[in-house]
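A.B. asks: Quick one, what's the 3D model for this:
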Amino acid sequence: MLVYPGRLMGPRGGGGAGQFATQWDGTNDWASYSSTPTGLSTTGPAFTMSVFFQCDSSGIFQGIFGTPSTSNIRMLIRSTGTLQLEVKDTAGSFLINHVNVGPNDLHDGNVHHVIFAADRSGNKTQLVIDGATRINTTYPTANDIAIMGASIDMIRVSGFKFHGAWWEVWADDTAHDVVTDLTTWRNADGTPAPLGADGSAPGAQPVIYYPDGNPADNKGIGGNATITGAPVQIARPT
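C.D. replies: Residues are numbered from 1 along each chain as shown. Reported below is the predicted structural model:
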């Protein structure tokens, strides 16, 4: 359950998709799937994820998304304000392994956008931060992506919790060229592009789509995550 200003409500409350974000306190709040979300392959040839966020604290590590039992996928903001992104294949080799990538201001309280894709069949790995391409290279191994561990943690990775807000969280085990087709997720002015009520604008309804950043109100096919703590629904930052 989210805490909505002035009242407690179940997921979503009032209003339409795209009006809100979810704010996390960096201490007690996070979300998780204890098992594989419906429709998500445990391994596969492709994975794509996009998230808009506003991070309010500097000087500390802050988790965004990860598989805690295996560390197959880990996305964090480092204490320096850069991004740490790790994606492994089924043999445990890194497909993406960047510890300090992108600008060093991801914790500055402004709105930021990160989108990445790994695609074995299309022979590419890609990362775009705030509209700037940071990785656009070939897929480095012959193995599929080790997408899932035994669980997924969000807003908490390796014990590091996120302080700030996120929204328009989209993830699926499908292949996309996020460099060429960036405007599918991100408008030219840096705002989120309309993905449709169920997030299907990129091609099909994804496993994960939290337009308001609320993992307990998934508009994708993967089912709702479990919320720990009392994250707050806020007006979407601009």
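
A.B. asks: From now on I want contacts and neighbour counts done on CA atoms only, so please keep to that.
C.D. replies: Noted.

A.B. asks: Let me know the secondary structure of the residue most central in space within the chain.
C.D. replies: Centrality entry for the chain: nearest residue to the mean C-alpha point is V51, 4.5 Å, by CA atoms, centre = their mean. Applying DSSP: H, G, I helix; E, B strand; the rest coil to V51 yields a three-state assignment of strand.

A.B. asks: pretty sure it is touching A165, no?
C.D. replies: No - using CA atoms under 8 Å, V51 is not in contact with A165, being 10.5 Å away.

A.B. asks: follow-up on the earlier one: now do the contacts for the residue nearest to the centre of the chain.
C.D. replies: Neighbouring residues of V51 by CA atoms under 8 Å, 6 or more residues apart in numbering: H113, V114, I115, W166, W167, E168, V169, W170.

A.B. asks: I'd like the residues you listed written out as JSON lines, with distance to G63 and neighbour count added.
C.D. replies: Below are the contacts of V51 laid out as JSON lines (distance: CA to CA, whole Å; neighbours: other CA atoms under 10 Å):
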{"residue": "H113", "distance to G63": "15", "neighbour count": "23"}
{"residue": "V114", "distance to G63": "13", "neighbour count": "21"}
{"residue": "I115", "distance to G63": "15", "neighbour count": "24"}
{"residue": "W166", "distance to G63": "12", "neighbour count": "29"}
{"residue": "W167", "distance to G63": "15", "neighbour count": "27"}
{"residue": "E168", "distance to G63": "17", "neighbour count": "27"}
{"residue": "V169", "distance to G63": "14", "neighbour count": "22"}
{"residue": "W170", "distance to G63": "16", "neighbour count": "26"}
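
A.B. asks: how about the residues you listed in a markdown table, adding distance to T42, pLDDT and secondary structure?
C.D. replies: Formatted as a markdown table, the contacts of V51 follow (distance: CA to CA, whole Å; pLDDT from 0 to 100; DSSP: H, G, I helix; E, B strand; the rest coil):
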| residue | distance to T42 | pLDDT | secondary structure |
| --- | --- | --- | --- |
| H113 | 26 | 98 | strand |
| V114 | 23 | 97 | strand |
| I115 | 20 | 98 | strand |
| W166 | 25 | 97 | strand |
| W167 | 25 | 97 | strand |
| E168 | 23 | 97 | strand |
| V169 | 20 | 98 | strand |
| W170 | 17 | 98 | strand |
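
A.B. asks: related to what we said a few turns ago, leaving out sequence neighbours, find the closest residue to the residue nearest to the centre of the chain.
C.D. replies: V169 (4.5 Å; CA to CA, 6 or more residues apart in numbering).
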